[in-house]
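In: here is my input, please return the structure:
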Amino acid sequence: MQTIKSRKHGHSRFQHHMSAALATMLLPLAAQAADTVPPAPDEVPSGPISRVEVAGKTENDFKAERPSSPKYTEKLVDTAQTVQVIKKEVFEQQGALTLTEALRNTPGVGAFFLGENGNTNTGDAIFMRGFDTSGSIFVDGVRDVGSISRDVFNLEQIDVLKGPAGTDSGRGSPTGSVNLITKKARMENFMGGSVTGGSASQKRVTADVNQVIDAERGISARLNVVAQDSGRAARDVVNDKRWAVAPSVGFGLNGPTRVVLDYLHVDQDNIPDGGVPTVGLPGYTTPVATKPELNTAPRVDPKNFYGTDRDYDKVKADMATVRVEHDFSPSFKLHNISRYGRTSQDYLLSAFLASGANVDTRNNGPQSDWTLVRNTRTVKDQTNRILTNQTALTSMFDTGSLRHTLVTGIELTNEKQITYSLTGLGTLPPANLYNPDANVAIGNFNPTRTGAYNKGEIDTQSLYAFDTIKVGERWIFNGGIRADHYSGDYTVVGAPVTANGATTYPVTHFSVGDTVYNGKLSALYKPTTWSSVYVMAASSKAPPGSSFTVSGNVNSAQNPIYDPQETLTYEFGGKLDLFKGKLGLSAALFRTDVENEVEQDPVDQTWSQTGKKRVQGVELGATGELARNWLISAGYTYMDTSIESGRLLTANGDNALTYTPKQSFNLWTSYQLPMGVKIGGGARFNDKLLRGTDGAVGTPKYTESYWVFDAVASYEINRNIDLRLNVYNISDERYVASINKSGYRYTPGTPRSASLTANFRF
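Out: Reported below is the predicted structural model:
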């Protein structure tokens, strides 16, 4: 590994990308900046009118007006930050079923990292702007615990906030967060549902029923359910089987005091995916001189499954929520949310390391006889719990000529996690490299707990305040500050030790605690009512010990003696709403510096806090209605990443961050034709991904870039029933969706496949 002390940033190509992108967005704004007074809404040239009709209402399907969090009080066009709202109309039209699939609608965000060594990531392992964001997923503003795959059946929209979220939500990813907005009881009667069948024996049923119980008192009830049992088009044996139910009851929904009770239960029984060997991929060479035949070995079939049919991923999740909103007056409002959540995961995967030592070529015998050692058992027996109460007060008032919208809040959260060690995982025979069999005998297979476990508990008390100040009709200033006091208590019980006929369990106990402060400051100028230009700076801190990855081992990156990881982001951008707000455009230049990264010396294996990383780039977005009946959701990002100090982390020695595509692009568009026919499609591009390094030799150092194209066509049989056909990866592109740190394993992208959905509404 190599130590980097400094780096100059005169990248002409990067500057060209940023300059061109900014000009594209800001030139229309500059042309209107000479206006002395923003035009009234009825003076803005009229554009296309949405013709999408749902339950007798006309609405714009793809574009949201504002984020859902009460901390964001302005419309998106007046929000000084890159915030993308993905509405359910987008991901439902695409046939997306999971959060990972829905997040393909925002550029540069995805599950690019498969895992480290023999371990395989589970659930929504999301990378955003160069950093792991899996621990910064929220549901209605409350952190969602557990590494599970989240279904979208109960979601209204997904808010993707890019940049440090320390002031918004406390500890978390240095580059953003994801907030899932759930479906809630409403004051209207409707029934809907869907039945889906498709490739890989896909079977899925959903239902969404809302009933007004008492219109005068504002009482309503809603029920969402899903059941699915599906394989995966890209893989053999792997299976996704789940059911979930989400009831919601609202009281006083048409009055000043509104109470909503929600509950979610999820039950999953899946066969997990450990990927396939990278043997034969571009960049794979033999790591063993005595096996030169591996240099010319063909790829394995990407559908091959190298685990067993006794592998499992069992998840049970429960979430009970109470929301209370009260309007003291039009200018003074209360928002309170209380939640108890519990998620348990019991997981076992027969994995492998496709190193030269583990691939037996049978002395260069027939390739049909080559074998792969399955020497890694990835297991997780873990339970997470969260109990939280969040209260926010929103008040609007004037001080002289200044108009304030002040949001103050307090959050009290208790989180617990316990992870058990297992034994009796059994032994497996080697798998045939090119024709593996999942139905094999497993020796001594009886998974049981050893008595060893890791247990942690974190209490957090948070105070915050955001003040949005409007000066005249053109200027909006925003400042926010947040204080988080946390205390963690950890117990590590080791494997049993038997001596002199007695069995003991070594116990390590330690505590951590600190108070961290974060802030956000922005200034926004409005050339017109429908446009804005802004600058923003924000910070984020993540102390070791503030999450359940903390370790009591002195020789560990998670030792709580280290200072907090500190992040500072600057953003300069502009936004423009066209056609009376039907189409939203955005552009932003951003730079994020992350300091106090903990790194390990490759020689003496000691750890030090010397790392500093940088992500800078440009992001463009377009969402809404291009013309009558023509909807679009598109985004592009260019990211230039570097290690400013510390050690290079990529396998090929590039000064760049891992699992971060330099360029990413996504597009989804649809057009409503006469006679109830709708057609559409999309494209996704991801640049090559550099993987990490852990000493692996001969494996691919990066994945290649790829384009994927999808299509959709739907037909409305009558006002109650429509049919939708989705075709994925039309060109049948073979690509690597994710790769592990050592480069031994990868997850193949989904090949050409299709699904047919019947949607019902009454």
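In: any idea how far Asn518 lies from Arg684?
Out: 33 Å (Cβ to Cβ, to the nearest Å). From N, CA and C alone the C-beta is placed, and that goes for glycine too.
In: show me which of those two is the more surrounded one.
Out: More crowded of Asn518 and Arg684, by other Cβ atoms under 10 Å: Asn518, with 24 against 21.
In: how far away is that one from Gly123?
Out: From Asn518 to Gly123 the distance is 27 Å (Cβ to Cβ).
In: kindly report the same for Val516.
Out: In terms of Cβ to Cβ, Val516 sits 27 Å off from Gly123.
In: could you do Thr383 as well?
Out: Taking Cβ to Cβ, one finds Thr383 at 15 Å from Gly123.
In: which of these two has more residues huddled nearby?
Out: Gly123 (21 against 18).
In: what secondary structure does the more buried one sit in?
Out: What DSSP: H, G, I helix; E, B strand; the rest coil gives for Gly123 is coil.
In: for the nearest residue to it once chain neighbours are set aside, give its distance to Val492.
Out: In this structure, Gly123 finds its nearest non-sequential neighbour in Ser147, 3.9 Å apart by Cβ to Cβ, 6 or more residues apart in numbering. To Val492, Ser147 is 20 Å away according to Cβ to Cβ.
In: any idea of the pLDDT on the residue nearest the centre of the chain?
Out: Computing the C-alpha centroid of the chain and ranking residues by Cα atoms, centre = their mean puts Ile126 first, at 4.3 Å. With respect to pLDDT, Ile126 scores 91.
In: I'd say it and Gly135 touch.
Out: No - counting by Cβ atoms under 8 Å, Ile126 stays clear of Gly135, with 9.5 Å between them.
In: hey, what's in contact with both of those two?
Out: Common neighbours of Ile126 and Gly135 (criterion: Cβ atoms under 8 Å, 6 or more residues apart in numbering): none identified.
In: list phi and psi for the most far-flung residue of the chain relative to its centre.
Out: Here the chain reaches farthest from its C-alpha mean at Asn500, the gap being 51.1 Å by Cα atoms, centre = their mean. Reported as degrees, to the nearest 10, the phi and psi values for Asn500 are phi 60, psi 40.
In: I'd like the distance between it and Ser248.
Out: Where Ser248 is concerned, Asn500 sits at a distance of 59 Å (Cβ to Cβ).
In: for Lys333, same thing?
Out: 21 Å.
In: averaged pLDDT, stretch 257-274. What do you get?
Out: Across stretch 257-274, the per-residue pLDDT values average to 96.
In: list the buried residues in it.
Out: For stretch 257-274, the buried set under the neighbour-count rule, 16 or more other Cβ atoms under 10 Å, comprises 258-262, 264, 266, 268-274.
In: would you pull up how far stretch 74-84 lies from the middle of the chain?
Out: 19 Å (Cα atoms, centre = their mean, to the nearest Å).
In: repeat for stretch 351-368
Out: Its chain's average C-alpha position is 36 Å from that of stretch 351-368, according to Cα atoms, centre = their mean.
In: in CSV, could you pull the C-alpha coordinates for that stretch?
Out: What follows is stretch 351-368, C-alpha atoms only, in CSV (Å, rounded to 0.1, in the frame of the first residue of the first chain):
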residue,chain,number,x,y,z
ALA,A,351,-19.8,-19.2,0.6
PHE,A,352,-16.3,-19.6,-0.9
LEU,A,353,-13.1,-17.8,-1.7
ALA,A,354,-12.2,-18.5,-5.3
SER,A,355,-8.5,-18.2,-4.7
GLY,A,356,-6.0,-20.3,-6.7
ALA,A,357,-5.5,-22.5,-3.7
ASN,A,358,-9.3,-23.2,-3.5
VAL,A,359,-9.7,-24.0,-7.2
ASP,A,360,-8.6,-27.6,-7.9
THR,A,361,-7.9,-28.0,-11.6
ARG,A,362,-7.2,-31.8,-11.2
ASN,A,363,-3.7,-31.4,-12.6
ASN,A,364,-5.0,-29.6,-15.7
GLY,A,365,-7.6,-32.3,-16.2
PRO,A,366,-10.9,-31.8,-18.0
GLN,A,367,-12.6,-28.6,-17.0
SER,A,368,-15.7,-30.5,-16.2
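In: between Lys333 and Ser248, who's got more neighbours?
Out: Ser248 (23 against 18).
In: which strand residues bridge Phe665?
Out: Tyr636, Phe685 (DSSP bridges).
In: how about low-confidence regions in the stretch 401-550 of the chain?
Out: 545-550 (pLDDT under 70).
In: quick one: the helices in the stretch 1-150 of the chain, in order.
Out: With DSSP state H, counting those that start in this stretch applied, the stretch 1-150 of the chain shows helices at 12-32, 88-94, 99-102, listed in chain order.
In: what's next to the second one, contact-wise?
Out: Counting by Cβ under 8 Å, 6+ apart, helix 88-94 makes contact with 61-62, 101-102, 105, 152, 155-158, 633, 668, 670, 680, 682, 710, 712, 724, 726, all of which sit outside it.
In: now list the buried members of these.
Out: The buried subset of the contacts of helix 88-94 (16+ other Cβ under 10 Å) comprises 61-62, 101-102, 105, 152, 155, 157-158, 633, 668, 670, 680, 682, 710, 712, 724, 726.
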